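1. The following block contains a protein sequence and its predicted model.
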Amino acid sequence: MGAKKADSGAGRPSSAHPPIRPSAGVGLRVVGRALRKVDATSKVTGTTVFADDIALPRMLYARLLRSTQPHARIVRIDTSRARALEGVKAVLTGRDLPIPFGILPVSQDEHALAPERVRFVGDPVAAVAATSEEIATSALDLIEVAYEPLRAIASAEDALRHPEPRIHDYGDAGNLHKLISLEFGDVDEGFAAAHLVREDLFFFEGSTHLPMEQHAAVADWSPDGKITVWSSTQTPHYVHRALAKVLGLAPARIRVIATPNGGGFGGKSDPFSHEIVVAKLAMVTGRPVKITLTREEVFYCHRGRHPTLMWVKTGVKQDGAITAMHFRSLLDGGGYGSYGVASTYYTGALQTVTYDVPRYKFEGARAFTNKPPCGPKRGHGTPQPRFALEVHMDKLAEQLATDPAELRLRHLVPPNSLTANYLRIGSMGLGRCIEKVVAGSGWKEKFRKLPLGKGVGLACSSYICGAGLPIYWNNMPQSAVQLKCDRGGGVTVFCGSTDIGQGSDSILAYIVAEVLGIDPFDIRVVTADTDLTPVDLGSYSSRVTLMSGNAALQAAERAREILAAHAARQLDVPVERVTFAGGRVFDAADPERGVAFAEAVQAAEAAQGSVGTVGSYTPPASAGKYRGAGVGPSPAYSYSAAVAEVEVDPATGIVVVPRIWIAHDVGKCINAAAVIGQVEGSVYMGLGEALMEEMAYRGNRNVVHKIPSLLEYKSPTTLEMCDVITYLIEDPDPNGPFGAKEVGQGPLLPVMPAVANAVYDAVGVRVDEVPITPEKVLKALRGKGKGERGRVGPASFPDIPWPEPTRVAPPWEGGDGRAASGLPGLAPGVSPGVSAAPQRQH
Amino acid sequence: MPDPKVTIALEVNGEPVEVAFAPHKTLLEVLREDLSLTGTKHGCELGECGTCTVLLDGTPVLSCLVLGLACAERHVKTVEGMAQGGKLHPLQDAFAELGAAQCGYCTPAFLLAADALLAGNPRPSRDEMKQALSGNLCRCTGYIKIYEAVELAAARMRGEPAEPSRESVYGR
């Protein structure tokens, strides 16, 4: 297939710099190397201060009373006995914090403490601060809450069947929070032109992040009206905004410090009840207050993977070229909005960025249910559809009698192109990824050739490098850096980004060190403190290396420019020959002629005053202009391909995964070892989702979480984890710092479908849902033994009152990224204001 | 009124210590709250995750399941006792070098479990390592860099010059 040429003139230019020119003759010295992380020593000595490690004089301890009911009205709360308990300093209920909040402006539906309605078992109802955690816990037992139970909604299908009672008084219909319908080109026409049309159904069970660190927060109120909140959050900026809103304080009086996160994976990206409560308790008592959630409570905070039912229909030509795709998803959102509107869009956004899809229709629905809220877990909304799509591709390849690796390689989305839904693809290394894992795994010798019980499966994926649009509408940068050069030669980088273990602090140091030619370990990194650091939106959507990296690059280049100008005068050499390397500033033509970096700073400081610079980053404007076009666009897309090898015991149904080969197109490694760490960690988390992890609830109307503990929520230990063979592919993207793209989330996505496809290769049964448990494999094998299909998975997709689709003509049908006139029935492809000839024909 | 405190004497990281605490407290709580040794972490306080592992008389224990009172006159080693004279323990060094610590929250526990393993078996196989570390959960690394770091440290502790393999830090 030919290339769709991206409309390079569209939108305002990115503030990203082109990849910088390394100082003459020295090449890259820091970027790409497998260096230690800047915080490695504090991590291995146990000196990193996590939120629960903070202890302040006179500190009180808080606990939350949580709902025992999945859905109920609060008739009465009596806190008098709790207040009377010795050692109790304050008790709060919903009345004390009446202002709602929520991460998305469109779903401000949470309260720090439920004012009159509880929506899941675990919903916070009251809070206590006491002189010890034991007293606070005892006080919870003394709070009496009278509930009037309401019918509980246990699943998305249940929500469809029961529009009443409504869990929230907003949303698109009954208990449907969000309904989306988008069509890019006429898919029916595409199906009519197909050689083969295939439909499949899939289900992806919910799972949770399970960070080893439980959420914790400490608040300290000062009588001058200022409050400081330390929290294990991935998004201090959003916590800052939520605190200001709910507490009614000026943001200038609130300081939020994100402590290093003991794992996040998306589970610490929402502003949470406990963060607001602990701040309010500090204000009320005038004393520092700490709260540390129990592991059980972490399961109730959740915001994990949405359980998602999916239907996909694809038309292909004889050679496997896709003519059209129609995708439906139904998400079980739990009790609140969280990131759910974005999650729902994400289940339909990235189907188009791997294989060429000329016509595409997406219908998505999110239901409210009486369970802990779902939200963004690693991969946010994309692992579910990717699982569906990649297993679907495997089935299509089999029907076409084509090798599934070949099928994919033949129809890759071209680099530098626009997709049907107006996502702008830059660098695209998926072909090289597939070739690497096919060669490395011995795919051609193994696929459909291994003995019964052994199999291999292949799958691919792609992920965004940061969302093109911020969560709340604004036209400011998404990331910013301030940089200070000290006359002693030290450099301090200030950035709002939050290190959650992925190494974002280190990335800042490496990039600045590269540009200024100094040792990264001579750089001090100050991050995630709303008083000290300029805003970065947070550690989510795989945005940090690209966005804060670009901001750091800009700040460092500006500092280099200042220093070079003064050094040129000092050394009496042309400025373009001034080179920064090895802690020196020197003449490229005569390296002996130079000064130490510190002397260059001193010269600049003497000439013009203190040396400090700023840098910031705003992503390029989205090419899509239709409603819903905000989810999916990204400055760049990473690509992954994986081959999983499995052993399936037909007697027990137990699936063992000895090895996974994975190739990831990271654009350019800023630190190769850190990249591999992210790939291996992603494979690990994907393996858990493939085989065992599930948020399971009792099947009756009590909707109680069955297993809110680390023992019963099964996650892979050393004994279940597979070997991982990692290939790093570098296809630099012009929007990434030094060409870098993301790696924290993308490599998780191909794991689940690769395992599912391998199970089919091993024993000839399809488990079209995750986790692929022994029970499901056995059920499928028994079915097959009885002459049935040998499949376990959903049997139908419910009727949903889909709205009339927003129709957008794809670029090759003359579209300009805008929706056709809102009038239903207007012919697709008739976009107003389009005069240019179609760029290509499909 | 809170329970009256009890006082015990024990050795922590090679130093004699006297500490007073409420008798119901676990070793985890005594270490973190009464001795300010916050390097020991917790993930569940129910004995499920291994994050609070410390060495009691050289044996890995889950400090959330051990009563502080049970540690009188015994030897406790925590992560704070690993580096000596301002120099990292070879395990700490190898964990830092290979990126075996990502978020770092489970790291102290893995270091101590590995320390106990190497004390009894200076050349553990990968399988022996998996068995020895199977009670410790890590959600970041997929364990692979942890194995490689333990192998690297073990080699260095045996006096062999050892460096990480190119594949382990640069891929293939």
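-> That came in fine, so what should we check first? Numbers count the residues shown, from 1 in each chain, chains lettered A, B, ... in the order given.

2. going forward, measure contacts between C-alpha atoms and count neighbours the same way
-> OK.

3. What backbone torsions are found at A:Leu553?
-> Main-chain torsions, A:Leu553, degrees, to the nearest 10: phi -60, psi -40.

4. what sits against it?
-> Applying CA atoms under 8 Å, 6 or more residues apart in numbering or on different chains to A:Leu553 gives the contacts A:His17, A:Ile511, A:Val512, A:Val515, A:Gly615, A:Pro737.

5. Chain A - how does it break down into domains?
-> Using automatic domain parsing, the domain parsing of chain A gives A:51-150+A:209-301, A:308-469+A:624-792, A:477-617.

6. Next, count neighbours for B:Asn13.
-> A count of nearby residues for B:Asn13, using other CA atoms under 10 Å in any protein chain shown, gives 16.

7. That one contacts B:Gln84, correct?
-> No. The pair B:Asn13 and B:Gln84 does not pass the contact test of CA atoms under 8 Å, sitting 10.3 Å apart.

8. Low-confidence regions, the chain specifically.
-> Picking chain A for this. The model of chain A has pLDDT under 70 over residues A:1-26, A:700-701, A:822-842.

9. oops, I was thinking of chain B
-> For chain B, the stretches with pLDDT under 70 are B:1-2.

10. Just give me the neighbour total for the closest residue to chain A within it.
-> Nearest residue of chain B to chain A, counting by CA to the nearest CA: B:Cys103, 3.5 Å away. Using other CA under 10 Å, B:Cys103 has 29 neighbouring residues.

11. right, so of the domains of chain A, which gets closest to A:Trp812?
-> Of all the domains of chain A, domain A:308-469+A:624-792 sits nearest to A:Trp812, with 8.2 Å by CA to CA.

12. Now do the SS call for the nearest residue to B:Thr141 once chain neighbours are set aside.
-> Nearest non-adjacent residue to B:Thr141, counting by CA to CA, 6 or more residues apart in numbering or on different chains: A:Gly681, 4.4 Å away. Secondary structure, DSSP: H, G, I helix; E, B strand; the rest coil: A:Gly681 is helix.

13. Shouldn't A:Gly455 be within a strand?
-> Yes. Assessed with three-state DSSP, A:Gly455 lies in a strand.

14. Show me the beta-bridge partners of it.
-> A:Val646 (DSSP bridges).

15. Hmm, A:Pro260 is touching A:Ile500, no?
-> Yes. With contacts counted by CA under 8 Å, A:Pro260 reaches A:Ile500, the gap being 5.9 Å.

16. okay, those two: which has more neighbours?
-> Remark: of A:Pro260 and A:Ile500, A:Ile500 carries more neighbours, 27 against 24, as counted by other CA under 10 Å.

17. Assign a three-state SS to that one, would you?
-> With three-state DSSP as the criterion, A:Ile500 reads coil.

18. That one and A:Gly267 touch, don't they?
-> No. Applying CA under 8 Å, one finds A:Ile500 not in contact with A:Gly267, separated by 10.9 Å.

19. where exactly do the helices run in the stretch 1-150 of chain A?
-> In the stretch 1-150 of chain A, the segments counted as helices under DSSP state H, counting those that start in this stretch are A:40-45, A:80-84, A:133-141.

20. distance between the ends of stretch B:127-146?
-> This stretch, stretch B:127-146, spans 13 Å end to end (CA to CA, to the nearest Å).

21. Show me the contact partners of that stretch.
-> Residues contacting stretch B:127-146 (CA under 8 Å, 6+ apart): A:210-212, A:263, A:501, A:677-678, A:680-685, A:717-719, A:721, A:723-724, B:48-51, B:95, B:98-103, B:106, B:109-110, B:113-114, B:117, B:147, B:168.
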